[in-house]
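Build the 3D model from these lines:
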Amino acid sequence: MRIFEDESNSDPIYKRNRIRMELLPILEREKWNFHKTYWNFHDRTQLNIQFDGIMSPNQTISPKMFRIPHETWMSLNLSAKKELIDFHLKLMGMYPLYKSGFENFHLQSEGERAFLENKNCYLYKSKFGDLFIIDKKSSAFKKAISYREGNQLTIEWNQNQFRIKDPEERYSLGSWHHGQKIQIRSGNKEISECMRENGIPFFLRTFIPILYFENEPIQILFSLFSKNEKNYPKRIYLER
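Have a look, this model is predicted:
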């Protein structure tokens with residue numbers, strides 16, 4: 001929809017305009033977190049409740065992770081980048097970033113890696129990688145689980161599933177450790193390098209499930225991190 005500026009938005013006769021134009025800039029200059037102050041006096045849980053006290057049928061669960069393409073990030077100016085981050089934080093039910101925190105993160109993003117942590121979430125971006133905004137309560141910070149049903153091994157993580165036939169029970173679930181390598185067509189490759197190439201934030205790498213065959217890592221299950229990702233390597237290479 002086209003956005004237009006209503007003439008009443010700049011008229012100081014209205015209290016809402018005096019608050020927005022006169023009071024809020026003062027609070028911002030004093031580094032006062034007026035968003036937090038507001039929520040200290042308003043119960044966030046009441047926002048999705050109808051007047052009769054019954055939960056709204058349209059209530060949804062806030063997302064726990066966003067991945068914003070590198071190209072999108074690079075196409076924006078400084079103020080638009082902050083608006084982009086704050087918009088996604090709002091969708092997650094969180095407060096906007098402090099200006100100083102954002103500026104520090106943006107400065108880091110011009111180098112090899114940018115990282116910001118606050119009470120509720122992580123922000124991460126490698127030099128040419130996507131921007132991640134991840135809620136600390138995300139299921140990505142929980143360990144993967146595995147179980148067997150008949151001749152099939154199932155691995156679950158981050159609300160996604162991976163299944164493989166395993167009648168002889170030679171496959172198992174594992175995770176990454178420093179110095180580990182995985183077999184690919186041309187030889188062996190550091191798993192840490194595979195994680196870096198896929199843009200996986202460093203603080204999530206130990207959670208990424210890895211498929212093992214007879215106690216050797218054979219496939220990194222990137223598809224459990226994001227359904228758009230492909231497991232690596234695509235083909236499983238087994239020593240005979």
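
Output the contacting helices and strands for the helix or strand containing F87.
Mapping F87 onto the secondary structure by DSSP states H and E places it in helix 78-91. Helices and strands touching helix 78-91, as assessed by 3 or more Cβ pairs under 8 Å, 6 or more residues apart in numbering; DSSP states H and E, comprise strand 65-68, helix 70-74, helix 99-109, strand 131-135. For the C-beta atoms, the positions are set from N, CA and C on the backbone; glycine is no exception.

Now it: average pLDDT?
Helix 78-91 shows a mean pLDDT of 94 in the predicted model.

Can you show me the CA trace of that helix as PDB?
In PDB, the C-alpha atoms belonging to helix 78-91 read as follows (Å, rounded to 0.1, in the frame of the first residue of the first chain):
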ATOM      1  CA  LEU A  78      23.000   2.700   7.200                       C
ATOM      2  CA  SER A  79      19.600   3.800   8.500                       C
ATOM      3  CA  ALA A  80      17.800   1.200   6.400                       C
ATOM      4  CA  LYS A  81      20.000  -1.600   7.800                       C
ATOM      5  CA  LYS A  82      19.000  -0.600  11.300                       C
ATOM      6  CA  GLU A  83      15.300  -0.500  10.300                       C
ATOM      7  CA  LEU A  84      15.700  -4.000   8.800                       C
ATOM      8  CA  ILE A  85      17.200  -5.400  12.000                       C
ATOM      9  CA  ASP A  86      14.700  -3.700  14.200                       C
ATOM     10  CA  PHE A  87      11.800  -4.900  12.100                       C
ATOM     11  CA  HIS A  88      12.900  -8.500  12.400                       C
ATOM     12  CA  LEU A  89      13.500  -8.100  16.100                       C
ATOM     13  CA  LYS A  90       9.900  -6.700  16.400                       C
ATOM     14  CA  LEU A  91       8.600  -9.800  14.700                       C
END
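
Any stretches of this structure with poor pLDDT?
When the per-residue scores of the chain are filtered using pLDDT under 70, the ranges that remain are 33-61, 237-240.

Recalculate using a threshold of 50.
Across the chain, residues meeting the criterion (pLDDT under 50) sit at 43-56, 240.

hang on, the earlier thing: list the contacts of the helix holding F87.
Among residues not part of helix 78-91, those counted as contacts by Cβ atoms under 8 Å, 6 or more residues apart in numbering are 62-63, 66, 68, 72-73, 76, 95-97, 99, 102, 106, 121, 123, 131, 133.

May I have the distance across stretch 19-32, first residue to last?
With Cα to Cα, to the nearest Å as the measure, stretch 19-32 spans 14 Å from end to end.

Can you list the buried residues in stretch 80-90?
Neighbour-count burial for stretch 80-90, counted by 16 or more other Cβ atoms under 10 Å, picks out K81, K82, L84, I85, D86, H88, L89.

out of those residues, who's nearest F225?
Distance to F225 across those (Cβ to Cβ) is lowest for H88, with 18.0 Å.

Wait, a helix at P25?
Yes: if the criterion is DSSP: H, G, I helix; E, B strand; the rest coil, then P25 is within a helix.

Next, the contact list for it, please.
Counting by Cβ under 8 Å, 6+ apart, P25 touches no other residue.

Adding distance to R205, write the buried residues of stretch 80-90 out as JSON lines.
As requested, the buried residues of stretch 80-90 are arranged in JSON lines below (distance: Cβ to Cβ, whole Å):
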{"residue": "K81", "distance to R205": "26"}
{"residue": "K82", "distance to R205": "28"}
{"residue": "L84", "distance to R205": "25"}
{"residue": "I85", "distance to R205": "23"}
{"residue": "D86", "distance to R205": "27"}
{"residue": "H88", "distance to R205": "22"}
{"residue": "L89", "distance to R205": "24"}
